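Participant: give me a model of this one.
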Amino acid sequence: MKLHLADVMNHLNSNVKYFFFASPRVHKTKGTRMKLKLLSPFIVLTIVGCSTEAPERIEELKEEKRPNVLVLIADDMGYSDIGAFGSEIETPNIDRLANEGVSFTNFHVGATCSPTRTMLISGVDNHLAGLGNMHEIMADNQFGKPGYEGYLNNSVVTIATVLKDAGYHTYMAGKWHLGGNPESIPHARGFEQSFALAESGADNWVEQPYAPMYERVHYFENGKEVELPTEDYFSSDFYTQRIIDNIESNRKDGKPFFAWVGYQAVHYPHQAPKEFIDKYNGVYDAGWEVLRKSRLARQTEMGLFPQEVKLAENFDKTSFEDWQLPDWGTLSEEEKKFNARRMQTYAGMADNMDHNIGKILTYLKDIGELDNTFILFLSDNGTDPNLLSAKAEYEAWYRKNYKYTYIDDYNGDYSSMGQKGSYADYGPGWAAAANTPNSYFKTFSSEGGLRVPFIARFPKKIPANKKVNTFAFVKDVYPTILEVTGVDMPSRNYKGKEIHIPDGKSALPVLMGEKPSVHGEKDVIGYELAGSSAVFQGKYKLSNNPAPKGNGEWELYDISIDPSEVNNLAQEMPELVEELKAAYAVYEKENSLVPVPDGYNPLTQVLKNSTRHSSH
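Facilitator: Numbers count the residues shown, from 1 in each chain. Down below sits the predicted model:
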């Protein structure tokens with residue numbers, strides 16, 4: 001075997017440099033520089049020349065491509081809203097990801113948008129990273145406290161920053177909701193190219209806020225505030241094309257990409273092109289109770305849970321009547337038509353998002369990158385009953401800013417619902433059905449607030465059509481992506497700045513079938529948001545939803561088999577309850593929680609905070 005030194009050094013320049021310099025944390029250290037200085041040509045020749053296959057291996061290494069990463073985030077999407085999780089809504093592209101990848105059926109996030117996104121992008125608990133509570137519902141005593149800045153603070157380093165420093169292109173399009181100041185917009189947090197909505201939501205057709213808590217909405221393209229196009233704009237279409245254009249703009253340089261797409265679908269206002277809504281004519285005429293049962297039947301048939309699951313009959317633990325499930329049979333015929341169209345509109349919006357995801361998958365296939373891309377799909381929290389439009393304090397605003405909101409606006413013709421000038425939401429009945437079989441909603445520490453669909457596809461390492469019922473948490477995504485890409489976890493000191501170290505666990509061994517669980521049986525994961533608390537250990541969850549969301553008592557459930565939370569085990573297992581309560585107290589202290597005051601209600605708080613005119 002004859003091996004030329006120049007060939008080896010060329011190979012080292014293009015490959016070994018990556019292995020040592022993949023993490024800026026590493027290449028800034030003195031020890032690593034010494035390692036590189038000590039690598040002599042003789043040592044290198046000894047390493048690569050020990051096999052007669054060395055030249056072939058060098059060529060193989062030259063041809064190896066680092067994987068791309070694509071994160072797809074649905075907004076307020078219910079657990080059962082995709083076909084792979086039991087839905088009648090047509091979602092063939094998301095279903096494809098499930099059929100060709102792994103579905104986590106016991107995956108948990110935060111119970112509202114921005115805290116989840118904070119943990120997803122930073123790998124750090126939201127109370128440390130700046131979104132201790134979602135800014136729009138922050139309690140009076142939380143404003144101004146450390147960890148409650150209302151935007152992604154500078155104590156964390158985003159995964160976009162780490163990957164960008166490791167040689168990745170980084171792109172973002174869609175809802176951001178992690179801040180609108182110069183230090184917190186995507187361009188300042190590691191994204192090379194971005195087009196971002198700063199607020200929690202907006203109209204999907206035109207540039208206007210969706211609720212009176214915002215005086216206006218803010219969009220940022222890279223580092224500058226911009227306006228939306230006034231022609232041919234729909235949010236999901238626009239964000240999809242923007243991310244495709246971003247990838248295409250640098251494709252020829254051969255560098256891998258990290259792309260983050262935050263769809264506004266299916267956050268209210270529920271809006272979609274009319275043909276997507278009309279597809280569901282007649283589908284929801286039987287009401288939300290029938291839909292819950294039919295979705296559960298499909299989930300059972302699909303084997304999403306290890307045993308048959310029972311639905312909670314009614315959400316009667318809450319003392320707030322607006323969150324309880326209305327009886328479809330008590331509605332008038334006109335009210336049934338109106339409400340059926342509301343769910344059609346929601347379904348059409350989800351269908352359209354899936355259609356746009358299909359565009360990205362087709363593009364990646366066309367450029368030969370589909371199977372080299374680690375693709376993740378998840379929702380940021382459970383369903384939102386969307387009660388703001390029903391509040392008397394908001395009615396005047398909706399009637400002023402939207403032509404179609406209330407049943408009397410339509411005069412019996414609901415074909416304009418979801419179109420320009422229309423505001424639509426869908427209430428607790430449909431929200432409960434969308435969350436099947438999980439109990440309650442967004443902001444609750446029930447499964448209906450925290451458990452969401454999560455799918456990963458990466459055929460190079462992940463098997464196809466596999467379901468995993470082990471517990472996993474949103475903070476586990478950060479280390480999973482780093483392990484897939486071969487990039488080191490950032491240390492306490494990152495580029496001269498002290499940061500909180502991401503503390504989730506990589507799910508890659510579970511995705512690959514090498515381990516049965518992400519977390520050990522004794523690992524404890526704490527959680528709190530808007531006064532609702534939880535602590536997870538193995539298959540158990542101890543949770544507390546204070547009034548008016550719940551009864552204020554600690555309840556224990558085996559969530560591996562009881563996502564509806566109908567069998568409270570607290571009386572049967574008092575020792576475990578006390579153990580987990582003690583663990584929660586430690587979590588509360590370590591993360592500097594600021595508890596909400598007695599009587600706190602996120603719905604009344606958002607009304608109060610609307611007067612602050614804050615747009616974080």
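
Participant: any buried residues in stretch 511-528, and which?
Facilitator: Using 16 or more other CB atoms under 10 Å as the test for burial, stretch 511-528 gives Leu511, Ser517, Val518, His519, Val524, Ile525, Gly526, Tyr527, Glu528. The C-beta positions use only the backbone N, C-alpha and C, and glycine is treated the same way.

Participant: the first one is in contact with Arg457, isn't it?
Facilitator: No: counting by CB atoms under 8 Å, Leu511 sits too far from Arg457 to count as a contact (9.7 Å).

Participant: please enumerate the shared neighbours of the two.
Facilitator: Shared contacts of Leu511 and Arg457, defined by CB atoms under 8 Å, 6 or more residues apart in numbering, comprise Val102.

Participant: what residue lies at the spatial centre of this protein?
Facilitator: Asp380 (3.3 Å; CA atoms, centre = their mean).

Participant: find me the pLDDT at it, would you?
Facilitator: On pLDDT, Asp380 comes in at 98.

Participant: excluding its backbone neighbours, what's nearest it?
Facilitator: Nearest residue to Asp380, sequence neighbours excluded (CB to CB, 6 or more residues apart in numbering): Thr116, at 4.4 Å.

Participant: same check, this time on Asn356
Facilitator: Asn356 sits nearest to Thr240 (CB to CB, 6+ apart), 4.0 Å away.

Participant: report the contact partners of the one you found.
Facilitator: Going by CB under 8 Å, 6+ apart, Thr240 touches Ala173, Val261, Asn356, Ile357, Lys359, Ile360.

Participant: where does this structure dip in pLDDT?
Facilitator: The chain contains residues with pLDDT under 70 at 1-64, 612-616.

Participant: isn't the residue nearest to Asp380 right next to Lys442, touching?
Facilitator: No: taking CB under 8 Å as the definition, Thr116 is not a contact partner of Lys442, at 10.3 Å.

Participant: what touches both of those two?
Facilitator: By CB under 8 Å, 6+ apart, the residues touching both Thr116 and Lys442 are Asn381.

Participant: ok, and what's touching the helix or strand encompassing Tyr398?
Facilitator: Per DSSP states H and E, Tyr398 falls inside helix 392-401. The contact list for helix 392-401 (CB under 8 Å, 6+ apart) reads Gln208, Pro209, Ala211, Pro212, Leu388, Ser389, Thr405, Tyr406, Tyr423, Leu607.

Participant: now do 6 Å
Facilitator: Pro212, Leu388, Ser389, Thr405, Tyr423, Leu607 (CB atoms under 6 Å, 6 or more residues apart in numbering).

Participant: which ones among these lie within helices?
Facilitator: Secondary structure assignment by DSSP state H places Leu607 of the contacts of helix 392-401 in helices.

Participant: out of the contacts of helix 392-401, which comes closest to Asn568?
Facilitator: Taking CB to CB as the measure, Asn568 lies nearest Leu388 of the contacts of helix 392-401, at 31.3 Å.

Participant: what number of residues are in the vicinity of the closest one?
Facilitator: Per other CB atoms under 10 Å, the neighbour tally for Leu388 reads 23.

Participant: from Asn545, how far off is it?
Facilitator: As judged by CB to CB, to the nearest Å, Leu388 and Asn545 stand 20 Å apart.

Participant: same thing with Lys505?
Facilitator: Applying CB to CB, the value for Lys505 to Asn545 is 27 Å.

Participant: and what of Ile455?
Facilitator: Ile455 sits 28 Å away from Asn545, going by CB to CB.

Participant: now for the helix ranked longest in the chain, which elements pack on it?
Facilitator: Scanning the chain for the helix with the most residues, using DSSP H, yields helix 333-366. Under the contact criterion of 3 or more CB pairs under 6 Å, 6 or more residues apart in numbering; DSSP states H and E, helix 333-366 touches helix 92-99, helix 235-249, helix 274-278.

Participant: swap the cut-off to 7 Å and go again
Facilitator: Packing partners of helix 333-366 (3 or more CB pairs under 7 Å, 6 or more residues apart in numbering; DSSP states H and E): helix 92-99, helix 235-249, helix 274-278, helix 427-434.

Participant: which of the ones you listed has the highest mean neighbour count?
Facilitator: The highest mean neighbour count among those, using mean count of other CB atoms under 10 Å, belongs to helix 427-434: a mean of 26.

Participant: need the CA coordinates for the helix or strand following that helix. CSV is fine.
Facilitator: Going down the chain from helix 427-434, the next helix or strand is helix 447-450, by DSSP H and E. Extracted C-alpha coordinates of helix 447-450, given in CSV (Å, rounded to 0.1, in the frame of the first residue of the first chain):
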residue,chain,number,x,y,z
GLU,A,447,-52.1,15.2,30.0
GLY,A,448,-54.3,17.4,27.8
GLY,A,449,-51.9,20.3,28.5
LEU,A,450,-48.7,18.4,28.3
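
Participant: with only the CA atoms kept, save the helix or strand following helix 447-450 in CSV.
Facilitator: Of the helices and strands lying after helix 447-450 in sequence (DSSP H and E), the nearest is strand 451-457. Listed next in CSV are the C-alpha coordinates belonging to strand 451-457 (Å, rounded to 0.1, in the frame of the first residue of the first chain):
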residue,chain,number,x,y,z
ARG,A,451,-48.8,15.3,26.1
VAL,A,452,-48.4,15.9,22.4
PRO,A,453,-47.6,13.9,19.3
PHE,A,454,-43.9,13.6,18.6
ILE,A,455,-42.4,11.9,15.5
ALA,A,456,-38.8,11.4,14.4
ARG,A,457,-37.7,10.2,11.0
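
Participant: dump the helices and strands packed on helix 333-366 into JSON lines; add distance to Ser200 as well.
Facilitator: Shown next, in JSON lines, are the helices and strands packed on helix 333-366 (distance: least, CB to CB, whole Å):
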{"stretch": "helix 92-99", "distance to Ser200": "23"}
{"stretch": "helix 235-249", "distance to Ser200": "13"}
{"stretch": "helix 274-278", "distance to Ser200": "23"}
{"stretch": "helix 427-434", "distance to Ser200": "17"}
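
Participant: so for Gly130, which of these sits nearest?
Facilitator: Relative to Gly130, the nearest member of the helices and strands packed on helix 333-366 by CB to CB is helix 235-249, separated by 24.0 Å.

Participant: gap between that closest one and the chain center?
Facilitator: What separates the centre of helix 235-249 from the centre of its chain is 19 Å, taken as CA atoms, centre = their mean, to the nearest Å.

Participant: elements contacting whatever helix or strand comes next after it?
Facilitator: Later in the chain than helix 235-249, the nearest helix or strand by DSSP H and E is strand 257-262. Packed against strand 257-262, as judged by 3+ CB pairs under 7 Å, 6+ apart, are the following elements: strand 68-74, helix 159-165, strand 169-175, helix 235-249.

Participant: show me the one of these that comes nearest Ala570.
Facilitator: Per CB to CB, nearest to Ala570 of these: strand 68-74, 32.9 Å.

Participant: now do that closest one against strand 451-457, angle only.
Facilitator: 160 degrees (axes from the mean of the first three to the mean of the last three CA atoms, to 10 degrees).

Participant: so what strands line up beside strand 68-74?
Facilitator: Sheet pairing of strand 68-74 (DSSP bridges) gives strand 257-262 (parallel), strand 373-379 (parallel).
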